[in-house]
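Enquirer: fold the following, please.
(2 chains)
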Number of protein chains: 2
Amino acid sequence: MEFTPEESETLLRILQWRRDVRHFRRDPVDETLLERLRQTMERAPSVGNARPWRVIRVEDQALRAEVRTNFQRCNHKAAQLYAADRRAEYLALKLAGLEAAPVQLAVFTVMDPEAGHGLGRQTLPETLRQSTAMAIYTLWLAARAENLGLGMVSILEPGEIEALLKVPVGWEFAAYLCLGHPEFMDDTPLLHRAGWQENSTTEWQRR
Amino acid sequence: MEFTPEESETLLRILQWRRDVRHFRRDPVDETLLERLRQTMERAPSVGNARPWRVIRVEDQALRAEVRTNFQRCNHKAAQLYAADRRAEYLALKLAGLEAAPVQLAVFTVMDPEAGHGLGRQTLPETLRQSTAMAIYTLWLAARAENLGLGMVSILEPGEIEALLKVPVGWEFAAYLCLGHPEFMDDTPLLHRAGWQENSTTEWQRR
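Expert: Below is the predicted model:
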């Protein structure tokens, strides 16, 4: 399988137009499309082919309300870290789309999966978490290519989310994902537009 | 920017044909192409737009030899975890392409970056490592779309690699990447083909 320059360019545009979406329309995501996204997520890389990610689709309105409350509490606490000016700026940012996103997924990592038989993670158990991060990103890109938006919410207390969703022992919270039709498309991070943190470049050092 | 079903299908094929490559040709990667990949890596998502990944391109032959030695030691040690039959199977697997890959990159995470001003990582400092994992995956996909292969080596002792490359305080080792022209293309994980760990599916639970 050889890819053409046009196909490489398509990937580039998908990468460029993938954003952390926090503004969602409330209309549902087609279930066939959602199942296709679930299948695409399976194509993520994983250490030892262990596929240590676990996904809970949160539909219960009471559970969703608890997640929102948890976010508000964590976000309020995070705001206290900043001096007054910066705090006002922080609080003006919209950092999650929890109130409107029609699909909400809690993602976890199994830190001692049987699959993979331990391969590739003896010196770096962290590789399991890396696998989950890449699975989330796989879903993110696939959603964007289907003209959906995804937002990754990390301003939550991990232990409380694990307890709320009554996950099995050994599941570690990774992120809470909002998924749906975005209110607008953009090719520039919101935090760059808002002036919170401008885009920067990463030079590669040499040794 | 709306993507067509054909473009979504292109992404799917890139995801499907991305493999952890351990068999490389020795011919160099064009520097213009490499610079394009570096720029594409900048499009990765990151918490607070902090871009906490750091990359060192390892060219010195003595350093590369040290990395290979480190891998061999860690790999030998990992093999001891298995009973005799399984150990023979493990040792027959080719788990890295360190001897031939023309481009080798050590990737790290800055665990307290100034960029982003702490946003999004107060309850989950792990988000910084997730950002680095996604940056690695961005490079991986971009390389595949340019018909290169990338292999992610995690069977290394993180502290020793940090010391070997004399990285600044606060840089945490994430992975060592081999990059180059692959000897062959495949759409199925080597560990699945070898029978070590077959592909499995991840059902989404509901709450």
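
Enquirer: from here on, just use CA atoms for contacts and neighbour counts.
Expert: Will do.

Enquirer: run a quick neighbour tally on the closest residue in space to A:P28 that isn't next to it in sequence.
Expert: Closest residue in space to A:P28, ignoring its immediate chain neighbours: A:P102 at 5.5 Å, by CA to CA, 6 or more residues apart in numbering or on different chains. Per other CA atoms under 10 Å in any protein chain shown, the neighbour tally for A:P102 reads 19.

Enquirer: so A:P102 sits against A:E31, correct?
Expert: No - with contact defined as CA atoms under 8 Å, A:P102 does not reach A:E31; the gap is 11.5 Å.

Enquirer: which SS class is the most centrally placed residue in chain A?
Expert: When CA atoms, centre = their mean is applied to chain A, the residue found nearest the centroid is A:M152 (3.2 Å). Reduced to three states with DSSP: H, G, I helix; E, B strand; the rest coil, the structure at A:M152 is strand.

Enquirer: any idea what the residue lying closest to it once chain neighbours are set aside is bridged to?
Expert: Spatially, and ignoring its direct neighbours in sequence, A:M152 is nearest to A:L177 (4.8 Å; CA to CA, 6+ apart). Beta bridges link A:L177 to A:L105, A:M152, judged by DSSP bridges.

Enquirer: show me the contacts for A:L177.
Expert: Residues in contact with A:L177 (CA atoms under 8 Å, 6 or more residues apart in numbering or on different chains) are A:Q104, A:L105, A:A106, A:V107, A:L150, A:G151, A:M152, A:V153.

Enquirer: could you redo the last one with a cut-off of 6 Å?
Expert: A:Q104, A:L105, A:G151, A:M152 (CA atoms under 6 Å, 6 or more residues apart in numbering or on different chains).

Enquirer: how much space between it and B:A174?
Expert: 24 Å (CA to CA, to the nearest Å).

Enquirer: A:E183 too?
Expert: 35 Å.

Enquirer: and chain A, which of its residues are near chain B?
Expert: A:3, A:8, A:55-58, A:116, A:120, A:123, A:130, A:133-134, A:145, A:155, A:157, A:197, A:204-207 (CA under 6 Å from any CA of the partner chain).

Enquirer: select only the buried ones of those residues in PyMOL?
Expert: To isolate in PyMOL the members of the residues of chain A next to chain B that are buried, counting by 16 or more other CA atoms under 10 Å in any protein chain shown, one can use:
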select buried, chain A and resi 8+55+56+57+58+116+120+123+130+133+134+145+155+157+197
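
Enquirer: just to be sure, which of the residues of chain A next to chain B are found in helices?
Expert: Within the residues of chain A next to chain B, residues falling in helices by DSSP state H are A:S8, A:Q130, A:A133, A:M134, A:A145.

Enquirer: hmm, back to that, and the contacts of A:L177, which is closest to A:R38?
Expert: When those are ranked by distance to A:R38 (CA to CA), A:L105 comes first, at 11.2 Å.

Enquirer: so what's the closest one scoring on pLDDT?
Expert: A:L105 is assigned 98 on the pLDDT scale.

Enquirer: before we move on, back to that, neighbour count: A:E183 and B:A174, which is higher?
Expert: B:A174 (25 against 13).

Enquirer: the residue nearest to A:L156 when sequence neighbours are not counted and A:E99, how far apart?
Expert: Of all residues not flanking A:L156 in the chain, A:F71 sits nearest, at 5.2 Å (CA to CA, 6+ apart). Distance of A:F71 to A:E99, given as CA to CA: 11 Å.

Enquirer: again with A:F24
Expert: Per CA to CA, A:F24 is found 9 Å from A:E99.

Enquirer: then A:R43?
Expert: Taken as CA to CA, the span from A:R43 to A:E99 is 30 Å.

Enquirer: between those two, which is the more surrounded one?
Expert: Between A:R43 and A:E99, A:R43 has the larger neighbour count (other CA under 10 Å), namely 26 against 14.

Enquirer: give me the element that one is part of.
Expert: Under DSSP states H and E, no helix or strand contains A:R43.

Enquirer: from A:L12, how far off is it?
Expert: In terms of CA to CA, A:R43 sits 19 Å off from A:L12.

Enquirer: ok, now A:A78?
Expert: In terms of CA to CA, A:A78 sits 34 Å off from A:L12.

Enquirer: low-scoring pLDDT stretches of chain A, where are they?
Expert: Across chain A, nothing is flagged by pLDDT under 70.

Enquirer: for the helix or strand hosting A:N70, packing partners?
Expert: A:N70 belongs to helix A:61-79 when assigned by DSSP H and E. Contacting helix A:61-79 under the criterion 3 or more CA pairs under 6 Å, 6 or more residues apart in numbering or on different chains; DSSP states H and E is no other helix or strand.

Enquirer: okay, it in PDB with CA atoms only?
Expert: The C-alpha coordinates for helix A:61-79 follow below in PDB (Å, rounded to 0.1, in the frame of the first residue of the first chain):
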ATOM      1  CA  GLN A  61     -28.800  12.200  32.800                       C
ATOM      2  CA  ALA A  62     -28.100  12.000  36.600                       C
ATOM      3  CA  LEU A  63     -24.600  10.700  35.900                       C
ATOM      4  CA  ARG A  64     -24.000  13.400  33.400                       C
ATOM      5  CA  ALA A  65     -25.100  16.000  35.900                       C
ATOM      6  CA  GLU A  66     -22.600  14.600  38.400                       C
ATOM      7  CA  VAL A  67     -19.800  14.900  35.900                       C
ATOM      8  CA  ARG A  68     -20.700  18.500  35.100                       C
ATOM      9  CA  THR A  69     -20.700  19.300  38.900                       C
ATOM     10  CA  ASN A  70     -17.300  17.600  39.200                       C
ATOM     11  CA  PHE A  71     -16.000  19.700  36.300                       C
ATOM     12  CA  GLN A  72     -17.300  22.900  37.800                       C
ATOM     13  CA  ARG A  73     -15.800  22.200  41.200                       C
ATOM     14  CA  CYS A  74     -12.300  21.300  39.700                       C
ATOM     15  CA  ASN A  75     -12.500  24.300  37.300                       C
ATOM     16  CA  HIS A  76     -13.300  26.700  40.100                       C
ATOM     17  CA  LYS A  77     -10.400  25.300  42.200                       C
ATOM     18  CA  ALA A  78      -8.000  25.600  39.200                       C
ATOM     19  CA  ALA A  79      -9.000  29.200  38.700                       C
END
